[in-house]
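# Let's see this in three dimensions:
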Amino acid sequence: MPDIPPEINVKLDDFIKEIQETVTASVVQRLMYDLPLGAFLSGGLDSSIIAAIAKLPDIIYFL
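Next up is the predicted model:
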């Protein structure tokens, strides 16, 4: 994530877009695999976001 000096006024929409793009790129990068993939869903926001981004038809979910 780029360093943004506190005196720079950033629009909320731009900040949200940057976070969304960064998280999506991170998940996609980690989906480069040659083995079966599974996701442990704790019910928390972070695991739900990762699973929603991944949303592969062959992913196995553990509740």
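
# Contact partners for Gln20?
By CB atoms under 8 Å, 6 or more residues apart in numbering, Gln20 lies in contact with nothing. From N, CA and C alone the C-beta is placed, and that goes for glycine too.

# Name the residues of the helix or strand containing it that are buried.
Element membership for Gln20 (DSSP states H and E) is helix 12-30. Using 16 or more other CB atoms under 10 Å as the test for burial, helix 12-30 gives Val27.

# Beyond that helix, next helix or strand please.
strand 38-40.

# Give the pairing partners of that following strand; include direction for each.
According to DSSP bridges, strand 38-40 has the following sheet partners: strand 60-62 (parallel).

# And the pLDDT for Ile8?
The model reports Ile8 with a pLDDT of 67.

# quick one: Ile49 and Thr22, what's the gap?
Distance, Ile49 to Thr22, by CB to CB, to the nearest Å: 12 Å.

# got the contact list for the residue positioned nearest the centre of the chain?
The geometric centre of the chain, computed from its C-alpha atoms, lies nearest to Val23 (CA atoms, centre = their mean), at 3.5 Å. Val23 is in contact with Ile49, Ile53, counting by CB under 8 Å, 6+ apart.
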